[in-house]
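Novice: Provided below for reference: sequence and predicted model.
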Amino acid sequence: MTTNEKAENSIFNEYKNKIWLPFLEAVSSYKLIQEGDRIAVCISGGKDSMLLAKLMQLYKRQSQTDFDVVYLVMDPGYNPRNRKKIEDNASLLDIPITVFESDIFDIANSTGKSPCYLCARMRRGHLYAKARELGCNKIALGHHFSDVIETTLLGMFYGSQIQGMMPKLHSTNFEGMELIRPLYCVHEDDIISWKNFNSLDFIQCACRFTESINASGDGIGNSKRQEIKQLIKELKKDIPDVEASVFRAIHNADADAVIEYKSDKL
């Protein structure tokens, strides 16, 4: 059995309940994929986006919905080793990638403030533009259940707002384009477990800021997201279902119990 065959097999067997069914739940519950869609699955080379690409490939193979998929890799300035690793992993998992280049890492890392925020904004803009050039109406990102929880808490603790990470968004800058998150119900621990089960090795963010976090020795560095990860880990010792509670909370907000709220739709 090849590495790709083993990886696909495990999704339908060992990880059916932890990965495949939650993936299907998100696609169905939030109506992420529609007839006639052409979706750019955005691959950074990390575990999340590589699994997303494989799940989308399997879903297209089995689904009765007629849609197209492009597996899009933006090279924002990877070193040659990381670029090759992405290409090798795509080949290993039989994912036909389309690669284009940008200089985002150089720009983001030259700023003195919030390089991750700037990098994320620029990457998304470039991905939208390239996806539209390729005739796509949606981009799919690899944000998972754990990202949803962390982002919600980051907004509360550091942004003074209650704002969840949405499973789909209409772009305000690219008319007719939509962002979807098919891993919305998949836990990061299960993604890591699937990766390890199949002896797969993916890149991390691969930017200089991430390298500084890894070199800090505590796994946190200056990253607020890493601080939130550590906080959740501690909370789970006494409250095992804390993540599920936060997830349900953003689905069950009571407008009558919120002093003030805003909406672009009003």
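Specialist: Yes, it's here.

Novice: right, and Ile95 touches Tyr71 too?
Specialist: Yes - taking C-beta atoms under 8 Å as the definition, Ile95 is a contact partner of Tyr71 at 5.2 Å. (C-beta placed from N, C-alpha, C; glycine too.)

Novice: Which of those two has more residues huddled nearby?
Specialist: Each of Ile95 and Tyr71 has its neighbours counted (other C-beta atoms under 10 Å); Tyr71 has more, 23 against 19.

Novice: For the more buried one, pull up the helix or strand it's in.
Specialist: Secondary structure assignment for Tyr71, by DSSP states H and E: strand 68-75.

Novice: send the alpha carbons of that strand over as CSV?
Specialist: C-alpha atoms of strand 68-75 as CSV (Å, rounded to 0.1, in the frame of the first residue of the first chain):
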residue,chain,number,x,y,z
ASP,A,68,-14.4,21.6,-9.6
VAL,A,69,-11.4,21.9,-7.4
VAL,A,70,-8.0,23.6,-7.9
TYR,A,71,-5.2,22.9,-5.4
LEU,A,72,-3.5,26.3,-5.1
VAL,A,73,-0.1,26.8,-3.4
MET,A,74,1.2,30.3,-2.9
ASP,A,75,5.0,30.5,-2.3
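
Novice: Pull the residues that contact stretch 145-162.
Specialist: 22, 163-165, 183-189, 224-225, 228-229, 231-232, 243, 246-247, 250, 253, 258 (C-beta atoms under 8 Å, 6 or more residues apart in numbering).

Novice: residues of the helix or strand following the strand holding Tyr71 that come out buried?
Specialist: Downstream of strand 68-75, the next assigned helix or strand under DSSP H and E is helix 80-92. By 16 or more other C-beta atoms under 10 Å, the buried positions in helix 80-92 come out as 82-83, 85-86, 89-90, 92.

Novice: cool, stretch 47-66 as well?
Specialist: For stretch 47-66, the neighbour count (16+ other C-beta under 10 Å) marks 47-59 as buried.

Novice: can you tell me which of those residues are in helices?
Specialist: Counted as lying in helices by DSSP state H, out of the buried residues of stretch 47-66, are 47-59.

Novice: residues contacting Lys195?
Specialist: By C-beta under 8 Å, 6+ apart, the contact list for Lys195 reads 47, 51, 201-202.

Novice: now, the most widely separated pair of the ones in helices among the buried residues of stretch 47-66?
Specialist: Largest separation among these by C-beta to C-beta: Lys47 and Tyr59, giving 18.3 Å.

Novice: Can you name every helix or strand that the strand holding Tyr71 contacts?
Specialist: strand 38-43, helix 47-62, helix 80-92, strand 97-101, helix 115-133 (3 or more C-beta pairs under 8 Å, 6 or more residues apart in numbering; DSSP states H and E).

Novice: how about those in TSV, adding distance to Ser263?
Specialist: Shown next, in TSV, are these (distance: least, C-beta to C-beta, whole Å):
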stretch	distance to Ser263
strand 38-43	27
helix 47-62	29
helix 80-92	39
strand 97-101	36
helix 115-133	22
